[in-house]
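In: Need coordinates for the following:
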Amino acid sequence: MLRRSIYKSPAQLRLMMAPGAATAASLQAARSGIRVGATTLDVNAAAEAAIVALGGQPNFVLEPGYHHTICASVNDDVVHGIPNARPLEPGDIVSIDSGAILDGWNGDAAITVVIPDPARPDLVAARQKLSDVTEGSLWAGIARLARAKHLNEVGDAVQGYVEARGDYGILTDYIGHGIGRSMHEAPPVFNYRVSQKGPEVKPGLVVAIEPMVVAGSIETYVRDDDWTVATEDGLDAAHWEHSVAVHKDGIWVLTAPDGGASKLAEFGVTPTPIA
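Out: Numbers count the residues shown, from 1 in each chain. Got it, this is the predicted structure:
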């Protein structure tokens, strides 16, 4: 049986930069649209326009049965939330997952935004910390990838970062993945420690690292729409993601405008553009 390599050629890595940039632009547009009174359908439209403006197409619509550019998960929804007409409210914690395809190559990334609410500063602070811890764990995982010999070292870094910052849960039913010609490819990318080493980290590896962290139990269920994953206990969730390429000169975060430089500096890692 033929098996496709999980490692891309230098030329293929270069082709992945454009869809990564389009994905980043879509999330910048989405972030600008997240405010009180806006709907996640509004955010969806802004993200789609940003992708199309750069010559790409949304890739989430290629998933059978899904019809939107983004997934929008609010409060106790973790991932795969369908954009809807509910106006966003003060204090909402909103996770937006987006992806683009351009010239047959894919990008995938996610952000979480907490809407200010002066009437509930404690709620906003707790939700912002949850988002910050999740984002920090993502960058800890990316930094480990820059030095790792095997892929599953990433999960150790993610879990270690989260554990050091509070009593949070890391979802285990949903994990990251390889990315390339398809949005979801081998290998699996765990956000927690596992006994297996995983594949070797070497030039050509491209993965989407995406910790999903919750304020309480990691138990989830799928809502009646057959897509939205929500926490069983109704507590808050956050989701951050980037697509990252390993190449001969280092790593480059394909879905970050600066390749990840500003966030990786804290970890002593300097990303290198793909030549």
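In: By residue count, tell me the biggest helix in this structure.
Out: Among all segments of the chain classified by DSSP state H, the helix with the greatest residue count is helix 121-147.
In: List the buried residues in it.
Out: When neighbours are counted by 16 or more other C-beta atoms under 10 Å, the buried residues of helix 121-147 are found to be 123-124, 126-131, 133-146. Just so you know, the C-beta spots here come from the backbone N, C-alpha and C atoms, and that holds for glycine as well.
In: what element comes up after that helix heading to the C-terminus?
Out: Proceeding C-terminally, helix 121-147 gives way to helix 153-163 as the next helix or strand, assigned by DSSP states H and E.
In: what's next to the following helix or strand past that next one, contact-wise?
Out: Proceeding N to C from helix 153-163, the next assigned helix or strand is strand 169-170, under DSSP H and E. Applying C-beta atoms under 8 Å, 6 or more residues apart in numbering, the external contacts of strand 169-170 come out as 137, 158-159, 162, 191-192, 211-218.
In: Stretch 76-88 too?
Out: Applying C-beta under 8 Å, 6+ apart, the external contacts of stretch 76-88 come out as 34-41, 43-44, 66, 68, 70-74, 94-95, 97, 115, 171, 174, 212, 214, 220, 223, 225, 227-231, 234-237, 239.
In: distance between the ends of it?
Out: Start-to-end span of stretch 76-88 (C-alpha to C-alpha, to the nearest Å) is 14 Å.
In: Same question for stretch 252-269.
Out: Its first and final residues considered, stretch 252-269 spans 11 Å by C-alpha to C-alpha.
In: Only the buried residues of it, if you could.
Out: Buried residues in stretch 252-269, defined by neighbour count with 16+ other C-beta under 10 Å: Trp252, Val253, Leu254, Thr255, Ala256, Gly259, Gly260, Ala261, Lys263, Leu264, Phe267, Val269.
In: of these, closest to Leu27?
Out: When the buried residues of stretch 252-269 are compared for distance to Leu27, the smallest value, 7.7 Å, is given by Thr255; criterion: C-beta to C-beta.
In: Below-threshold pLDDT in the stretch 151-275 of the chain: ranges please.
Out: For the stretch 151-275 of the chain, not a single residue meets the criterion pLDDT under 70.
In: and Ser5, what pLDDT?
Out: Here, the pLDDT recorded for Ser5 equals 89.
In: ok, the nearest residue to Glu185 once chain neighbours are set aside - contacts?
Out: Counting by C-beta to C-beta, 6 or more residues apart in numbering, Gly178 is the residue found nearest to Glu185 once chain neighbours are left out, at 3.8 Å. Gly178 sits next to Ile6, His184, Glu185, Ala186, Pro187, Val189, Leu205, Val206, Val207, Ala208 when contact means C-beta under 8 Å, 6+ apart.
In: May I see the buried residues of stretch 252-269 arranged in TSV, with distance to Gln57 and secondary structure as well?
Out: Compiled in TSV, the buried residues of stretch 252-269 are given as follows (distance: C-beta to C-beta, whole Å; DSSP: H, G, I helix; E, B strand; the rest coil):
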residue	distance to Gln57	secondary structure
Trp252	23	strand
Val253	22	strand
Leu254	17	coil
Thr255	16	coil
Ala256	21	coil
Gly259	23	coil
Gly260	25	coil
Ala261	28	helix
Lys263	28	helix
Leu264	29	helix
Phe267	34	helix
Val269	32	coil
